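# Here you go, sequence then predicted model.
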Amino acid sequence: MKNKNYEYYKTTEISNLKEMITIKAQEMPDKTAFVYPCETGEMKKTYLDFLNDVNAFGAWMYSKKIKDKHVAIIGENSYEWLVAFLASVCGGNVAVAIDKALPEDEAASLAKIGEVDVAFVSNTYFEKTGKKVSKKSFNLKDFDDILFEGRKIISEGKADEFLNYEIDNEKTAAILFTSGTSGISKGVELTNHNIAYEIVHTSMLFEPHGGVLAVLPFHHALGLVVGIFMVVNYGQPVYINKSLKFVKKNMEDFGPQTMFLVPMFVEFFHRQIWGEIAKKGATKAFKGLMKSTDLMLKAGVDVRKKTYGSIQKVFGGNLEYIICGGAALDPMYVKEFRSWGIEILNGYGATECSPCTAVNRPFFKKDGSVGHLVPGIEVKTTDEGELAFRGELVMKGYYKNQEATDDALKDGWYHTGDLGYVDEDDFIFLTGRKKNLIILSNGENISPEELEQNIARDEAVQEVLVYDEGGKIVAEIFPVEEHFGDATYFEKLKNKVNKGRPLYKQITRVKLRETEFIKNASMKIVRYKNVPQ
């Protein structure tokens with residue numbers, strides 16, 4: 001199919017999350033909803049199982065007087081995490097998702113911001129974090145016991161209050177915290193209506209036709225709303241990855257058709273693939289092969305599956321799409337993965353927008369863009385070149401932080417802080433981050449992201465940050481291990497990147513480091529913690 005505009009996909013209309021899981025249980029009760037590893041191998045849950053488990057958990061919560069409360073959920077990705085979250089939301093509680101990896105004091109700080117009353121914490125983090133976030137904490141290792149009690153309550157006819165609870169779609173359903181690349185995290189209030197609108201309208205741009213491996217953390221909006229809830233609304237099975245160390249095995253076992261990732265994963269897989277090719281001394285020959293198969297593809301002959309079967313096997317053999325969001329991705333990765341038969345569809349958004357506002361489509365995409373605007377919402381660029389969005393997926397505000405809310409929301413427009421533009425086909429392109437701009441003494445403005453992208457393309461670079469230090473542009477690089485301390489190599493790289501650039505846009509100095517940069521939950525480098533102030 002040619003790359004051109006085409007009709008939106010048809011999706012199941014929902015107004016809230018309770019309606020979503022109820023409809024799926026009615027339409028496809030016996031279809032697999034979730035698969036996840038357990039002590040005995042693999043556990044499978046159907047859509048009817050999922051609804052019944054949410055209802056049992058919710059009935060138990062009501063029996064413990066957990067009503068109209070702020071409920072924290074903390075732990076690694078798990079089926080139990082999802083049931084606790086949805087049971088909270090479906091009973092009118094506010095689900096507060098907190099990053100499991102935070103030091104206990106930081107987790108407690110977020111719980112205080114979110115006014116947490118009760119917490120459900122996985123066994124791994126219960127002793128360390130459980131009592132810090134709430135005096136009333138429950139261990140998710142007791143999940144089966146909770147379900148047993150909840151089912152008993154339902155069978156005795158004592159769960160009507162929970163089962164018949166009517167969702168107020170405009171009431172806050174969840175508080176998700178911003179990733180905080182340039183400041184303190186804020187609690188984003190999302191309603192059932194925000195989340196349902198996001199699920200329905202973003203699904204019009206893309207739909208999977210097979211299983212999805214859930215890798216991104218559930219406490220993050222991309223991992224939860226897009227990577228889980230949207231897939232549930234599609235009616236496709238989700239394989240839950242509990243730890244990044246098992247990603248390779250999970251891909252081999254499950255063979256996903258689609259994965260939702262952030263750029264860090266794409267860059268890692270790309271580096272691993274080329275590393276294996278280099279070990280065989282086949283880099284030059286392989287690049288020649290890619291040119292040949294690319295030309296054949298343009299002529300309408302697709303031999304990628306047969307030619308690059310060894311690469312596709314790494315991902316389980318069935319991977320067709322990677323939806324990538326959370327940060328900018330160099331178009332080079334998109335083109336090379338396409339050569340291997342895997343299409344990367346760049347997306348864009350923010351927690352404040354539930355989170356997705358744009359995504360490239362399978363047959364209508366533009367390399368270098370972060371996607372086509374989600375149907376039904378508006379976008380504009382301000383006089384300063386900042387992107388702003390308005391629509392029903394935009395948050396209520398930051399929880400009990402009116403100053404920050406007023407700064408971000410103006411006349412219903414959410415101001416992203418990202419610089420960019422929208423083309424005539426409603427594709428969005430980013431040019432930088434407003435707060436990251438380097439303003440030199442001569443008045444010139446530089447987006448460090450442009451330089452970072454060019455440096456990051458080099459195979460010796462794992463991570464890079466570009467910033468101003470005393471009026472000079474500095475590139476701080478975390479190299480691959482074999483290039484640690486190799487100042488000569490990176491001096492040559494600096495000269496290569498500077499070539500042809502105006503003097504004011506040239507890198508003056510390279511710093512090398514031997515540790516990774518500090519990152520947030522969506523694996524973006526936290527600039528304010530890494531750049532000298």
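Now that the structure is in, tell me what you want to look at. Bear in mind the structure is a predicted one, so any value in this text is a computation, not a measurement.

# ok, now which ones touch residue 123?
139, 140, 141 (Cβ atoms under 8 Å, 6 or more residues apart in numbering). Just so you know, the C-beta spots here come from the backbone N, C-alpha and C atoms, and that holds for glycine as well.

# you'd agree the last one is up against residue 124?
Translated: residue 141. No: look at residue 141 against residue 124 with Cβ atoms under 8 Å: they stay out of range, at 9.1 Å.

# the more surrounded of the two?
Just comparing residue 141 and residue 124: by other Cβ atoms under 10 Å the higher neighbour count belongs to residue 124, 17 against 14.

# any idea of the mean pLDDT in the one helix or strand that one maps to?
Residue 124 is part of helix 123-125, with elements assigned from DSSP states H and E. Mean per-residue pLDDT for helix 123-125: 96.

# Show me what the helix or strand following that helix is packed up against.
The C-terminal neighbour of helix 123-125 among helices and strands, as given by DSSP H and E, is helix 131-133. When contacts are defined as 3 or more Cβ pairs under 8 Å, 6 or more residues apart in numbering; DSSP states H and E, helix 131-133 sits against helix 104-113.

# Low-confidence regions, the stretch 351-500 of the chain specifically.
Low-confidence segments of the stretch 351-500 of the chain (pLDDT under 70): 441-443.

# Show me where it has its strands.
Under the criterion DSSP state E, counting those that start in this stretch, strands of the stretch 351-500 of the chain are mapped to 356-359, 372-373, 378-381, 386-390, 397-398, 409-410, 413-422, 428-433, 438-439, 445-446, 461-469, 472-479.

# cool, and the stretch 51-200 of the chain?
70-74, 94-97, 118-121, 137-139, 172-177, 187-191.

# need those in a markdown table with distance to residue 273, can you?
Listed next are the strands of the stretch 51-200 of the chain as a markdown table, based on distance: least, Cβ to Cβ, whole Å:
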| stretch | distance to residue 273 |
| --- | --- |
| strand 70-74 | 35 |
| strand 94-97 | 33 |
| strand 118-121 | 37 |
| strand 137-139 | 41 |
| strand 172-177 | 33 |
| strand 187-191 | 36 |
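
# right, and those - which one's nearest residue 418?
Shortest distance between residue 418 and the strands of the stretch 51-200 of the chain, using Cβ to Cβ, is found for strand 187-191: 16.4 Å.

# Could you count how many residues lie near the nearest residue to residue 193 once chain neighbours are set aside?
Distances taken as Cβ to Cβ, 6 or more residues apart in numbering place residue 169 nearest to residue 193, at 4.2 Å, with adjacent residues excluded. For residue 169, the neighbour count with other Cβ under 10 Å is 18.

# where does residue 169 land on pLDDT?
pLDDT at residue 169 comes out at 98.

# What separation is there between it and residue 114?
To residue 114, residue 169 is 21 Å away according to Cβ to Cβ, to the nearest Å.

# Check residue 201 too.
27 Å.

# More neighbours: these two, which one.
residue 114 (25 against 21).

# Contacts only, for that one.
70, 72, 94, 96, 98, 175, 177, 187, 399.

# List just the nearest of the residues you listed to residue 350.
Looking across the contacts of residue 114 and measuring by Cβ to Cβ, the closest to residue 350 is residue 177, at 12.3 Å.

# Wait, that closest one touches residue 190, no?
No: Residue 177 is beyond contact range of residue 190, at 11.4 Å (criterion: Cβ under 8 Å).

# in stretch 240-260, what's buried?
With burial defined by 16 or more other Cβ atoms under 10 Å, the residues of stretch 240-260 counted as buried are 240-242, 247, 250-251, 254-260.

# How about residues contacting stretch 52-65?
21, 25, 45, 67, 71, 83-84, 86-88, 90-91, 93, 146-147, 149-151, 153-154, 158-159, 161-163.

# Quick one: distance of that stretch to the chain centre.
29 Å (Cα atoms, centre = their mean, to the nearest Å).

# Which residues does stretch 3-18 contact?
Contacts for stretch 3-18 (Cβ under 8 Å, 6+ apart): 20, 23, 86, 89-90, 165, 167, 169, 173, 192-193, 195-196, 199-200, 203-207, 229, 233-235, 361, 363-365, 375, 425.

# are any of those buried, and which?
20, 23, 86, 89-90, 165, 167, 169, 173, 192-193, 195-196, 199-200, 203-207, 229, 233-235, 361, 364-365.
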